[in-house]
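I'd like to go over a predicted model; first the sequence, then the structure.
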Amino acid sequence: MTKVNVYVTLRESVVDPQGVATIEALQTMGYKEVENVRIGKLIELEVDGSVADIDARVKEMCEKLLVNKVIEDYRYEIGEVAGK
Amino acid sequence: MKFAILVFPGSGCDIDMYHAVNTVLGNKAEYIWHTEANLDGYDAVLIPSGASYGDYLRPGALAQSSQAIVSLKEFAATGKPVLGVGNGFQILAEAGLLPGAFLRNKGLKFRSGRTKLTVLNTDSTFTADYENGQEITIPFAHEFGNYYVDEKTVEELKRTNRIVFTYADDNADGSTADIAGVLNETGNVLGMMPLPERAVEEIIGGTDGLPLFNSILKRWSENNVSQA
């Protein structure tokens, strides 16, 4: 079994209203050092690791469904899951 | 004229659409479940609002994996009219039939009510029965109504007259360039966040949505008379 973590964030050019609300809360709480907050999501996939070309297939999944490139950027990590 | 109403798990306003077409307009609409999706014999497709697939992943995103959307793309390519409202607009954008994408409302809250729109293009299949610059009042209800397109696309949309509705005085959700409704390149696909099917009878508070449906009907009869 191979584990894939896909990290999705809003593009830099897109205003992130949740991030804006969160930075205001953090600063109100005294964490004045916080300069920017962007809220994204983590998508965990468990994939049959024997599939050839897993990297290309994950990229395809991201581009076709998991990520909307009009508003989002992504990166992913592919790693083995021990004991499965 | 025969309308297909696409229904996905979680669609909520399909019955409003059905009522508008069958009862108010006296035409024929039929529900098409997303797994059936045979659009042969229909003259127009309506994609209702609601929250298909619970808005999981992104609103409208999961609907694009359905057979209905495969058929819809073929249908749209023939030039016949396709109208997506609310979540239907989000589905059309996610499926790549319209430009842009949707973000959570600027104020982070679900909002609903009535909003004033300005009609900017009265040459389209969907707006011929309005007056240019006319202000209309249409209900809306959304949490992801914050329409986003990049600057380059906005310029292109303006240049090609594809922005048909803008928010006249209340763009509280933050849509780019006040956009409330846009057309595709060929002008036969319209997406809009406000819900015209909820404004077709005085008894429910107004009829400003009626000209939109009448425009579709009129264009259809013109085409069918000229072909006969």
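Right, received. Where do you want to start? Numbering: from 1, shown residues only, chains lettered A, B, ... in the order given.

Restricting to C-alpha, output the one helix or strand in chain B whose mean pLDDT sits lowest in CSV.
Scoring the helices and strands of chain B by mean pLDDT, DSSP states H and E places helix B:210-227 at the bottom, with a mean of 89. C-alpha atoms of helix B:210-227 as CSV (Å, rounded to 0.1, in the frame of the first residue of the first chain):
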residue,chain,number,x,y,z
LEU,B,210,-40.2,34.9,-16.2
PRO,B,211,-38.6,36.8,-19.2
LEU,B,212,-35.6,34.5,-19.0
PHE,B,213,-37.7,31.4,-19.6
ASN,B,214,-39.8,33.2,-22.2
SER,B,215,-36.6,34.2,-24.0
ILE,B,216,-35.6,30.6,-24.3
LEU,B,217,-39.0,29.6,-25.6
LYS,B,218,-39.2,32.5,-28.0
ARG,B,219,-35.7,31.7,-29.5
TRP,B,220,-36.7,28.1,-29.8
SER,B,221,-39.9,28.8,-31.7
GLU,B,222,-38.1,31.2,-34.0
ASN,B,223,-35.5,28.6,-34.9
ASN,B,224,-38.1,25.9,-35.3
VAL,B,225,-40.4,28.0,-37.5
SER,B,226,-37.5,29.1,-39.7
GLN,B,227,-36.4,25.4,-40.1
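
helices or strands up against it?
For helix B:210-227, not one helix or strand is in contact under the criterion 3 or more Cβ pairs under 8 Å, 6 or more residues apart in numbering or on different chains; DSSP states H and E. Where you see a C-beta, it was placed from the backbone N, CA and C, and this is true even at glycine.

how about it: buried residues?
Within helix B:210-227, the residues that count as buried by 16 or more other Cβ atoms under 10 Å in any protein chain shown are B:Leu210, B:Pro211, B:Leu212, B:Phe213, B:Ser215, B:Ile216, B:Leu217, B:Arg219, B:Trp220.

wait, is B:Phe126 part of a strand?
No. Secondary structure of B:Phe126 (DSSP: H, G, I helix; E, B strand; the rest coil): coil, not part of a strand.

distance of A:Asp73 from chain B?
Distance, A:Asp73 to chain B, using Cβ to the nearest Cβ, to the nearest Å: 13 Å.

Could you find the residue in chain A that comes nearest to chain B?
The nearest approach of chain A to chain B comes at A:Val70, 3.9 Å away (Cβ to the nearest Cβ).

so that residue sits right up against B:Phe102, yeah?
No. If you go by Cβ atoms under 8 Å, A:Val70 and B:Phe102 don't touch, sitting 9.3 Å apart.

In contact with the residue of chain B found nearest chain A, which residues?
Closest residue of chain B to chain A, Cβ to the nearest Cβ: B:Ala101 (3.9 Å). With contact taken as Cβ atoms under 8 Å, 6 or more residues apart in numbering or on different chains, B:Ala101 is in contact with A:Asn68, A:Val70, A:Ile71, B:Arg58, B:Ala93, B:Glu94, B:Tyr147, B:Tyr148, B:Val149.

and chain B, which residues reach chain A?
Applying Cβ under 8 Å from any Cβ of the partner chain, we find that chain B lies next to chain A at B:57-58, B:61-62, B:64-65, B:93-94, B:99-101, B:103-108, B:146, B:148-150, B:174.

can we see that at 10 Å?
B:57-58, B:60-62, B:64-65, B:93-94, B:96, B:99-108, B:146, B:148-151, B:153, B:173-174 (Cβ under 10 Å from any Cβ of the partner chain).

among these, which are in strands?
Within those, residues falling in strands by DSSP state E are B:Ala101, B:Phe102, B:Leu103, B:Asn146, B:Tyr148.

List the contacts of the fourth one.
Read it as B:Asn146. Contacts of B:Asn146 were listed using Cβ atoms under 10 Å, 6 or more residues apart in numbering or on different chains, and they are A:14-15, A:17, A:71, B:101-108, B:171-176, B:193.

contacting residues around the longest helix anywhere in chain A?
Scanning chain A for the helix with the most residues, using DSSP state H, yields helix A:17-28. Here helix A:17-28 makes contact (Cβ under 10 Å, 6+ apart) with A:9-10, A:16, A:31-40, B:103-108, B:146, B:173-174.

Try it again at 8 Å.
Identification of contacts with helix A:17-28 by Cβ under 8 Å, 6+ apart yields A:10, A:34, A:36-39, B:103-108, B:146, B:174.

quick one: buried residues of it?
Buried, per 16+ other Cβ under 10 Å, within helix A:17-28: A:Pro17, A:Gly19, A:Val20, A:Ile23.

wait, what's in contact with the residue nearest to B:Trp33 when sequence neighbours are not counted?
Leaving aside its chain neighbours, B:Trp33 sits nearest to B:Val7 (5.6 Å; criterion: Cβ to Cβ, 6 or more residues apart in numbering or on different chains). Taking Cβ under 8 Å, 6+ apart, we find B:Val7 in contact with B:Asp14, B:Tyr31, B:Ile32, B:Trp33, B:His34, B:Pro48.
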